[in-house]
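Visitor: Pasting the sequence and the predicted model now:
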Amino acid sequence: WKQYEELPYYNGFPDEGIRFFFDEAGGLNHLTVRPSGTSQCLRFHVQLKAADVNSANLCHKKEQYHNLARQIVADVRQKVGA
C-alpha cells in the first residue's frame, strides 16, 4: 500500500506507528516505531509492565525498567542503523 501512487517508493508508513509485541498474553509489553510529527525522523516508544511492584521496591523497579527500555531502543537503533 502506498499513500501516493505516483511516488516510486513505499510512502504509506502509518501515523500511529508499527507495534512490536514482546509477549503474547495481553500485549502489555511492546515497542512502537512511528514517524515524528515535527521532524524527519522515527520515534521509538517502549511500554513495559513490571510485575510485583510495591512501595518498598518502586524506585528500584522504575530504574530497572527504564534501563531495560533504553537498552531495547539502543538495540533496535543499532539494528536499523539509526
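Guide: Sure, I can see it. Residues are numbered from 1 along each chain as shown.
Visitor: just the strands in the chain please.
Guide: Assigned by DSSP state E, the chain shows strands spanning 18-21, 30-35, 42-47.
Visitor: In JSON lines, list these along with mean pLDDT and mean neighbour count.
Guide: C-betas here are computed from N, CA, C, even on glycine. Below are those laid out as JSON lines (pLDDT from 0 to 100; neighbours: other CB atoms under 10 Å):
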{"stretch": "strand 18-21", "mean pLDDT": "84", "mean neighbour count": "12"}
{"stretch": "strand 30-35", "mean pLDDT": "87", "mean neighbour count": "16"}
{"stretch": "strand 42-47", "mean pLDDT": "89", "mean neighbour count": "16"}
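Visitor: Between those strands, which one is closest to residue 60.
Guide: Of all the strands of the chain, strand 42-47 sits nearest to residue 60, with 18.4 Å by CB to CB.
Visitor: Strand 30-35 and the closest one, what's the angle between them?
Guide: Between the axes of strand 42-47 and strand 30-35, defined by axes from the mean of the first three to the mean of the last three CA atoms, to 10 degrees, the angle is 160 degrees.
Visitor: Only C-alpha atoms, please: export strand 42-47 in PDB.
Guide: Output of strand 42-47 as PDB, limited to C-alpha atoms (Å, rounded to 0.1, in the frame of the first residue of the first chain):
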ATOM      1  CA  LEU A  42      11.400   7.900  13.600                       C
ATOM      2  CA  ARG A  43      10.400   7.800  17.200                       C
ATOM      3  CA  PHE A  44      10.800   4.600  19.400                       C
ATOM      4  CA  HIS A  45       8.400   4.200  22.300                       C
ATOM      5  CA  VAL A  46       8.700   1.300  24.700                       C
ATOM      6  CA  GLN A  47       5.900   0.200  27.100                       C
END
